[in-house]
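# here's a sequence, model it:
(one chain, ligands or ions: 1)
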Amino acid sequence: MHRLQVENLRVAVSGKEILRGVTLSISTGEVVVLMGPNGSGKSTLFQAIAGNPKYEIIDGDILLDGESIKDLPPEERFARGIYVGFQSPIAVPEVRFAFLLQAMMNIRAGKKLTDPNPQVLAQAQKIAAELGLRPDVFNRGVGAGFSGGEFKRAEVLQALLLNPKFAILDEPDSGLDIDGISAVGKAVMRLASSGSGILISTHYARVLKFIKPTKVYVMAEGRVVLEGDENVIKRIEEVGYQSYFNEIKQAFGASL
Ligand SMILES: Nc1ncnc2c1ncn2[C@@H]1O[C@H](COP(=O)(O)OP(=O)(O)OP(=O)(O)O)[C@@H](O)[C@H]1O
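Below you'll find the model as predicted:
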């Protein structure tokens, strides 16, 4: 079993402190859902875990199996088994999607980027069919004219191909049609049952139709303020964040 821990993480962007002490953990095989109002810091956390240098770690740590990875470059974190799918992936139209997938798998296997690896495309085509992703995407540039839903499916496809220790997916359900939500939800559960640890952010309880979380975290103003189970998601959907936070405060006298 592997464990990814975020400990009292404080992160600044452009000199502004956004994360103000985030603590959470994920083990392989778990499906952890991260919720929180707009601007609470979910994407910032994902960028910091990925190692985006624009996100300055002021304090705290990120540990993989007890070892700090916060000073490692993004590619080394990737090589160690952490895959992060972003909320708004960047298009790189000059690189064919099929080439990106082959390069990604080669890097992980310690091979040269350009080494031919025809099995990758065959496997990716199979996964694309499961995700309802049109096969012509492989011959297009990365993100070149991808619709919002195609972008999201392409991110999840990469996670399925890699079967990483940890797949961290920022709102993988946003912008997807009903079939897409179902396909992505099932894919996430399959990834977890094949041993990956999953951390996904979402704004909607509809994911619960397909995803059974082992744990739910809620962020507010740069911190994790609550940990619970899927009932937390259901209640937030019913009453909204502010009323939910008020209910918790009244019940437990907690400061959120
Ligand atoms: N480069 C930046 N400069 C200044 N503020 C930033 C920068 N990047 C993010 N922020 C701020 O950090 C806060 C957290 O943003 P973040 O995108 O992490 O939130 P989120 O929880 O993912 O929100 P959403 O649910 O809307 O996607 C926001 O107030 C945002 O405006």
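
# find the helix or strand that Phe78 is a member of.
Per DSSP states H and E, Phe78 falls inside helix 74-79.

# counting by contacts, list what the helix or strand following that helix packs against.
Once helix 74-79 ends, the next helix or strand along the chain (criterion: DSSP H and E) is strand 82-85. Where contact means 3 or more C-beta pairs under 8 Å, 6 or more residues apart in numbering; DSSP states H and E, strand 82-85 is packed against helix 42-50, helix 148-162, strand 166-170. The C-beta positions use only the backbone N, C-alpha and C, and glycine is treated the same way.

# neighbouring strands of strand 82-85 in the sheet, and parallel or not?
Paired neighbours of strand 82-85 in the sheet (DSSP bridges): strand 166-170 (parallel).

# and the helix or strand that comes right after the partner strand, what's buried?
Downstream of strand 166-170, the next assigned helix or strand under DSSP H and E is helix 178-193. By neighbour count on 16 or more other C-beta atoms under 10 Å, the buried set for helix 178-193 is Gly180, Ile181, Ser182, Ala183, Val184, Gly185, Ala187, Val188, Leu191, Ala192.

# for the helix holding Phe78, packing partners?
For helix 74-79, the packing partners by 3+ C-beta pairs under 8 Å, 6+ apart are helix 42-50, helix 97-108.

# select, out of the ones you listed, the one closest to Asn8.
Evaluated over those, closeness to Asn8 peaks at helix 42-50, with 12.5 Å, by C-beta to C-beta.

# picking that back up, relative to the ligand, which of the helices and strands packed on helix 74-79 is closest?
helix 42-50 (3.3 Å; C-beta to the nearest ligand atom).

# which residues of this protein score low on pLDDT?
Filtered on pLDDT under 70, the chain yields the residue ranges 254-256.

# could you pick out the residues of it near the ligand for me?
Applying C-beta under 6 Å from any ligand atom, one finds that the chain approaches the ligand through 13-14, 16, 18, 36, 38-44, 87.

# in TSV, list the residues you listed along with neighbour count.
Formatted as TSV, these follow (neighbours: other C-beta atoms under 10 Å):
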residue	neighbour count
Val13	16
Ser14	8
Lys16	7
Ile18	22
Gly36	23
Asn38	7
Gly39	13
Ser40	23
Gly41	24
Lys42	25
Ser43	17
Thr44	21
Gln87	18
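
# residue closest to the middle of this protein?
Leu169 (1.7 Å; C-alpha atoms, centre = their mean).

# spit out the contact partners of it.
Counting by C-beta atoms under 8 Å, 6 or more residues apart in numbering, Leu169 makes contact with Val84, Gly85, Glu155, Val156, Ala159, Val188, Ile198, Leu199, Ile200, Ser201.

# closest to the ligand out of these?
Nearest to the ligand among the contacts of Leu169, with distances taken as C-beta to the nearest ligand atom, is Ser201, at 6.8 Å.

# surely the closest one is in contact with Ile49?
No: taking C-beta atoms under 8 Å as the definition, Ser201 is not a contact partner of Ile49, at 11.7 Å.
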